[in-house]
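**Q** Generate a structure from the sequence data that follows.
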Amino acid sequence: MLRNTRLRLALAAALGGVTVLAGLCLALPLSWPGGWRLDQPRLATVSEARALAAADGAAPDLQAVERATRATLAERPLDAAAWARLAWVADQQGKSADMLDALDRSYVAAPHGPEITAWRLRFALDRWGRLSPDLRRQVLAELRVAARTRPALVRAVHASLSDPTGRMALTLGAPDLFE
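**A** Presented below is the predicted three-dimensional model:
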């Protein structure tokens, strides 16, 4: 019995020693200055910033915006703002089907915003006539939530719309705000 206890104690001590030794072997190289270099992956925020910079200005570089946005989506496939930006690029290029697909994916990623709600409502309502019935339902669902939670935002979107059918859809979608 005493022999079994000593054997167990020796095995536990050996296991503890191996654990401490392995921990030191892993930690020591990290503590040496200049002894390791962080293998940094491409950051989605860098791609995001490049896309925004390429889109900024009077004549945006649509290919650069699309390339940087796709790089963002490769790392963050559920980035609603990136999908919405891709919808904008497709719209600027006259690719209606691609615009509708990207806008739909934006709603799949974040159905009710919140940080993209104003831009996306403005974009979708200004293209109301081209939206599919399913996409219209998604826009109206986001509009109803925004009308309840952020009515000032919905009023600002209403004031900025240029498409009369989109303005009418907004007015009918949030009738309490425009009585």
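**Q** so where's the chain uncertain?
**A** Low-confidence segments of the chain, defined by pLDDT under 70: 28-55, 57-58.
**Q** Angles on the backbone of the most centrally placed residue in it, please.
**A** What sits nearest the mean C-alpha location of the chain, by CA atoms, centre = their mean, is Asp79, with 1.9 Å. With angles defined as degrees, to the nearest 10, Asp79 sits at phi -90, psi 100.
**Q** Please shift the residue numbers so they start at 640 in all later answers.
**A** All right, first residue 640 from here; so that's Asp718.
**Q** Would you check how far apart it and Leu654 are?
**A** Separation of Asp718 from Leu654 (CB to CB, to the nearest Å): 45 Å. All C-beta atoms are positioned from the backbone trio N, CA, C, and that covers glycine.
**Q** cool, Leu663 as well?
**A** 15 Å.
**Q** just checking, the residue nearest to the centre of the chain touches Thr711?
**A** Yes - under the criterion of CB atoms under 8 Å, Asp718 makes contact with Thr711 at 5.9 Å.
**Q** Where does Val654 sit, in terms of helix or strand?
**A** Check again: residue 654 is Leu, not Val. helix 641-670 (DSSP states H and E).
**Q** Against Ala698, how distant is Val796?
**A** Distance from Val796 to Ala698, by CB to CB: 26 Å.
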